[in-house]
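Undergrad: This is the structure alone, sequence omitted:
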């Protein structure tokens with residue numbers, strides 16, 4: 001084993017010791033393609049391409065065995081995340097637990113509307129101006145979304161203080177995890193382009209959060225045709 005430089009000269013951090021949360025974004029979804037607000041009503045699950053993306057990731061993990069040490073798996077209750085979780089974890093011996101706190105931002109009354117309908121009915125929030133504005137009536141605000149995700153990450157870290165845990169989630173949830181790792185405020189908007197079925201991993205140890213990887217995709221990248 002190679003010897004690392006003294007602490008004052010090192011550019012790498014310590015080996016992970018705490019909870020390693022691996023956030024898997026779902027594959028391409030029907031609501032993504034149709035331009036529909038994909039809450040519980042609007043989400044119809046994965047497209048054929050989305051299932052291919054999930055299978056590509058499953059093949060990678062079967063080959064690399066990189067998550068054979070996973071202790072548990074959780075999924076958003078939205079169909080696109082649950083379907084992705086079922087494909088990716090098949091044969092891994094993990095039971096996937098549903099957790100609504102891992103859902104995409106709650107859209108309230110805009111659920112299942114097209115984006116055009118949503119704007120026509122509710123106007124849409126300007127989160128650069130006021131991040132506490134709800135997405136739509138009975139929906140969640142941008143800062144409320146961050147707070148819900150942070151609570152979920154820390155709760156799961158408390159439940160699994162060591163080891164790796166798989167979370168099947170959404171691009172917005174991954175953005176909140178990135179903000180937490182970066183120490184960004186709740187109102188920050190990173191405007192990331194997190195790919196379908198990519199992997200993002202954070203470590204939570206003694207309350208501190210560290211980014212281990214972001215937007216890691218399967219070697220055979222499946223793109224839209």
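TA: In hand now; what should we look at? Being a predicted model, the structure only gives us computed values, none of them experimental.
Undergrad: For this protein, name the helix or strand with the lowest mean pLDDT.
TA: Ranked by mean pLDDT, DSSP states H and E, the weakest helix or strand in the chain is helix 48-64, scoring a mean of 94.
Undergrad: And the next helix or strand past that helix?
TA: strand 70-75 (DSSP states H and E).
Undergrad: which parts of the helix or strand following that next one are buried?
TA: Remark: after strand 70-75, the chain's next helix or strand is helix 79-89, criterion DSSP H and E. Under the neighbour-count criterion of 16 or more other CB atoms under 10 Å, helix 79-89 has 79-85, 87-89 buried. Just so you know, the C-beta spots here come from the backbone N, C-alpha and C atoms, and that holds for glycine as well.
Undergrad: for the least confident helix or strand of the chain, packing partners?
TA: Contact here means 3 or more CB pairs under 8 Å, 6 or more residues apart in numbering; DSSP states H and E; on that basis helix 48-64 packs against helix 79-89.
Undergrad: So which residues make contact with the helix it packs on?
TA: 24, 26-27, 29-31, 38, 43-46, 50-51, 54-55, 57-58, 61, 73, 75-76, 96, 98, 102-103, 166, 168-170, 197 (CB atoms under 8 Å, 6 or more residues apart in numbering).
Undergrad: Buried among these? Need that as a selection in PyMOL.
TA: Per 16+ other CB under 10 Å, the buried members of the contacts of helix 79-89 correspond to this PyMOL selection:
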select buried, resi 24+26+27+29+30+31+38+43+44+45+46+50+51+54+55+57+58+61+73+75+76+96+102+103+166+168+169+170+197
